[in-house]
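Trainee: Sequence first, predicted model second:
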Amino acid sequence: MSQQSQGGAPSVPVLLATHLVLVVTTLAVLYPVLWVLKMALTPSQAFSMDPMPFPTEVSFQNFREVIGTTAADGSWLFGRQLLNSLFVSAVTSALGITLACTAGYAMSRWAFPGRDIGMSMFLVTQMFPGVVMAIPLYILLDEAGLLNSMLGLALVYSTTAVPFSTWNLKGYFDTIPVELEEAALMDGASRWMTFTRIILPLARPALVVTALFSFMTAWNEFILAATFMGDERAFTLPVVLQSYVGDFGTEWGRFAAGSILVSLPVMLLFFALQRFLVEGLTAGSVKG
Amino acid sequence: MATLRLDGVRKSYGDVPVLHTVSMNVADGEFLVLVGPSGCGKSTLLRCIAGLEDISAGDLHIGERRVNDLAPRDRDVAMVFQSYALYPHMTVRENMAFGLRVRGAPEEEITRLVNQAAEMLALGSYLDRLPKALSGGQRQRVAIGRAIVRRPKVFLFDEPLSNLDAALRGQMRVELKRLHRDLNATIVYVTHDQIEAMTLADRILVLNGGLVQQLGTPAELFDTPANRFVAGFIGSPAMNFLKGNAQGGQVTVEGLSFPCQTSGEVEVGLRPNDLVLSRGAGPQATVDVVEHLGWEMLVHLQLGAHKIAARAETAVMGSLKPGDKVAVAAERAHLFSAVSGLRVQ
């Protein structure tokens, strides 16, 4: 009996208990999300005190208002701000991956003076909260004329994306056997060809995961964006969301609708890249 | 194909010497096996020839060309790795074609050579599979195929069979022997398995601690080992060693006497197949363990203070059991200096 419960199908009470725990955990996780959804679908801007997470009245008014926000000159503001977020996140992600894949490879494969210190310094930069760097970065961006500039914000985000991506990719490159490169070198490939034809295709899961994390970090970042972006046409979506929280009251309905709209692109990316994500996160954990 | 010449090749990592002055010539079409225990420097020597490691001193020639400073890709050698090192994201066909493709060979030529190699290695039906869909033996054949499609001047094999099971290893050994005959290739082959070394090699280089112990044909190494290390390393089951004191032109150990031209402390080496067991008179040994191997058996004995192993025909001595007394005689002995370990006779 004990052997069966160890190796075969679990018994009914165990199965029930397992599912009960899973259902309760799922509900606990989903409850706040359903609450946000409820507020987004409720036409009122008030904060609901009803514990039930389902709306009594369904309306897409809040979504329409958030999406349809226009600037003083009548131009479509939300679209512009969505593009800002997409641009900043994509550039941060691309810059992070491009620089980090060569840096991570070099750190993984060559021993050179300063390598270990360099990697440690990369780690140290990750330890400071964004707000600590806000003032020096503000001065730097001001000097460079990059305040209110998407490129400026992307460069700022890259200062954390590159070290993070380098660490992540170095760790993955370490798991790729050196013999594969040696085999390619013996086959007649140059170092660069070995990197592009052998290493990068094999590191695809790690590249995707690293790019996704960099993208998400930039997509969700609020403090620096709120500090450096003064013009509402230069806002990224997290800054837009904050604008629904006023000094004298919060537009809960629009805030909730905005939160869902901001989450959607990242969720879609997650679903699209799910396969790589699992491969990337489990890579190296099992030999062979 | 080409010759390979090493003149005083040395390799150190910092202050730690790994290879001490290795000199040898490998003839065109010769199958040379580098053999020795783990850490003896045989793989390092192979990697030096491949160009994956720089040599610290000496000269390396492939054909007439000095290749010390050439990158691996410019040496025109191919290597088969212990781990196979197949590109996991490429099919068998792409793996085998990679070397030709990066060297800019025309596609028709690539197709022809890959198909030819696949046919030679019975890989025709696996060409569109990824390496993960192949068995260990098939992967090894792909690794060999990847090496032979380029028709390099020298093939280097780094313990290519060590990841295979015993049956497959035996089969691949025969295939490698056949391949060498068909290609007439110059091959340098690293192994720690002395059966592989004996069966495959035209000549064997025995290394220990980065030092060349002996270079010769398998028969030379077996019949006239240059020192105690080679004597103990080559031959399976291993040679028995008995310590004795030579004087008056002979040495006697445990009742067995052998002529000896030197005097002083010597080690007497007796191969298990040179020992004869009988029920008759002579120095008596006590049977400890009997291993039956079919038509023959390996008998472990206590002879005086020494433990020794002897081969015996099952038909003759099949009834032996632990505790029995048997007479031991030796048809041949190898004598080594107890001080230097060098062969004295």
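Mentor: Now that the structure is in, tell me what you want to look at.
Trainee: ranges for the helices of the stretch 151-288 of chain A?
Mentor: All helices of the stretch 151-288 of chain A, identified by DSSP state H, counting those that start in this stretch, fall at A:178-187, A:191-194, A:200-202, A:204-220, A:223-228, A:237-242, A:252-272, A:274-282.
Trainee: Mind checking those helices for the one nearest to residue B:89?
Mentor: When those are compared by Cβ to Cβ, helix A:200-202 sits nearest residue B:89, at 4.9 Å. The C-beta positions use only the backbone N, C-alpha and C, and glycine is treated the same way.
Trainee: Close to chain B: what parts of the stretch 1-150 of chain A are there?
Mentor: Residues of the stretch 1-150 of chain A lying close to chain B by Cβ under 8 Å from any Cβ of the partner chain: none are found.
Trainee: Relative to chain B, which residue of the stretch 1-150 of chain A is the closest?
Mentor: residue A:111 (12.1 Å; Cβ to the nearest Cβ).
Trainee: Just give me the neighbour total for that residue.
Mentor: When neighbours are defined as other Cβ atoms under 10 Å in any protein chain shown, residue A:111 has 7 of them.
Trainee: cool, and the one 4 residues further on?
Mentor: Residues contacting residue A:115 under the criterion other Cβ under 10 Å number 14.
Trainee: So it versus residue A:8, what's the distance?
Mentor: Using Cβ to Cβ, to the nearest Å, we find residue A:115 at a distance of 51 Å from residue A:8.
Trainee: Tabulate the helices of the stretch 151-288 of chain A in a markdown table, adding columns for mean neighbour count.
Mentor: Formatted as a markdown table, the helices of the stretch 151-288 of chain A follow (neighbours: other Cβ atoms under 10 Å in any protein chain shown):
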| stretch | mean neighbour count |
| --- | --- |
| helix A:178-187 | 22 |
| helix A:191-194 | 15 |
| helix A:200-202 | 16 |
| helix A:204-220 | 21 |
| helix A:223-228 | 20 |
| helix A:237-242 | 20 |
| helix A:252-272 | 18 |
| helix A:274-282 | 14 |
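Trainee: how about those, which one is nearest residue B:148?
Mentor: Per Cβ to Cβ, nearest to residue B:148 of the helices of the stretch 151-288 of chain A: helix A:178-187, 12.4 Å.
Trainee: Packing partners of that closest one?
Mentor: helix A:191-194, strand B:77-80, helix B:92-102 (3 or more Cβ pairs under 8 Å, 6 or more residues apart in numbering or on different chains; DSSP states H and E).
Trainee: deepest of those, which one?
Mentor: Compared across the helices and strands packed on helix A:178-187, strand B:77-80 shows the largest average neighbour count, a mean of 27 (mean count of other Cβ atoms under 10 Å in any protein chain shown).
Trainee: Find the residue closest to the closest residue to chain A within the stretch 151-300 of chain B in space, skipping its chain neighbours.
Mentor: Relative to chain A, the nearest point of the stretch 151-300 of chain B is residue B:156 (8.3 Å; Cβ to the nearest Cβ). Spatial nearest neighbour of residue B:156, excluding adjacent residues (Cβ to Cβ, 6 or more residues apart in numbering or on different chains): residue B:79 at 4.3 Å.
Trainee: thought the one you found was touching residue A:183?
Mentor: Yes. Under the criterion of Cβ atoms under 8 Å, residue B:79 makes contact with residue A:183 at 7.2 Å.
Trainee: which residue ranges form the helices in the stretch 201-345 of chain B?
Mentor: B:218-223, B:228-233, B:314-317.
Trainee: I'd like those helices as a markdown table, with distance to chain A and mean pLDDT appended.
Mentor: Shown next, in a markdown table, are the helices of the stretch 201-345 of chain B (distance: least, Cβ to the nearest Cβ, whole Å; pLDDT from 0 to 100):
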| stretch | distance to chain A | mean pLDDT |
| --- | --- | --- |
| helix B:218-223 | 28 | 96 |
| helix B:228-233 | 27 | 95 |
| helix B:314-317 | 42 | 84 |
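Trainee: Quick check: phi and psi on residue A:51?
Mentor: Note on residue A:51: backbone dihedrals following degrees, to the nearest 10 are phi -70, psi -20.
Trainee: cool, and residue A:107?
Mentor: Geometry field for residue A:107 lists phi and psi as phi -60, psi -30, criterion degrees, to the nearest 10.
Trainee: who are the neighbours in contact with it?
Mentor: Residues in contact with residue A:107 (Cβ atoms under 8 Å, 6 or more residues apart in numbering or on different chains) are A:115, A:118-119, A:166, A:170.
Trainee: What lies in contact with the helix or strand hosting residue B:18?
Mentor: Using DSSP states H and E, residue B:18 maps to strand B:16-26. Here strand B:16-26 makes contact (Cβ under 8 Å, 6+ apart) with B:3-12, B:32, B:41, B:44-45, B:48, B:58, B:154, B:186, B:188, B:205, B:207, B:210-212, B:215.
Trainee: Residue B:50 is in contact with residue B:71, isn't it?
Mentor: No. When contacts are counted by Cβ under 8 Å, residue B:50 is not listed as touching residue B:71 (10.5 Å).
Trainee: Now residue 220: closest residue in space that isn't a chain neighbour?
Mentor: Went with chain A since none was named. Per Cβ to Cβ, 6+ apart, closest to residue A:220 is residue A:238, 6.2 Å.
Trainee: You answered for a different chain; I wanted chain B.
Mentor: Residue B:220's closest residue in space is residue B:214 (Cβ to Cβ, 6+ apart), at 7.9 Å.
Trainee: So what sits opposite the one you found in the bridge?
Mentor: Per DSSP bridges, the residues bridged to residue B:214 are residue B:206.
Trainee: returning to that earlier point: give me the more crowded residue out of residue B:50 and residue B:71.
Mentor: Neighbours were tallied for residue B:50 and for residue B:71 using other Cβ under 10 Å; the higher tally belongs to residue B:50 (20 against 13).
Trainee: Next, give phi and psi for that one.
Mentor: Phi and psi for residue B:50, reported as degrees, to the nearest 10, are phi -70, psi -20.
Trainee: and the gap between residue A:244 and residue A:77?
Mentor: As for residue A:244, its distance to residue A:77 is 13 Å (criterion: Cβ to Cβ).
Trainee: tell me the contacts of residue B:40?
Mentor: Contacts of residue B:40 by Cβ under 8 Å, 6+ apart are B:207-210.
Trainee: Just the buried residues from the contacts of strand B:16-26, in PyMOL please.
Mentor: Applying 16 or more other Cβ atoms under 10 Å in any protein chain shown to those leaves a buried subset, and the PyMOL line that selects it is:
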select buried, chain B and resi 3+4+5+6+9+10+11+32+41+44+45+48+58+154+186+188+205+207+210+211+212+215
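Trainee: Mind checking which of the contacts of strand B:16-26 are in strands?
Mentor: Of the contacts of strand B:16-26, the ones assigned to strands by DSSP state E are B:4-12, B:32, B:58, B:154, B:186, B:188, B:205, B:207, B:211-212, B:215.
Trainee: any idea how far the residue lying farthest from the centre of chain B is from residue B:328?
Mentor: For chain B, the largest distance from the centre (Cα atoms, centre = their mean) belongs to residue B:281, which lies 39.3 Å off. With the distance defined as Cβ to Cβ, residue B:281 ends up 11 Å from residue B:328.
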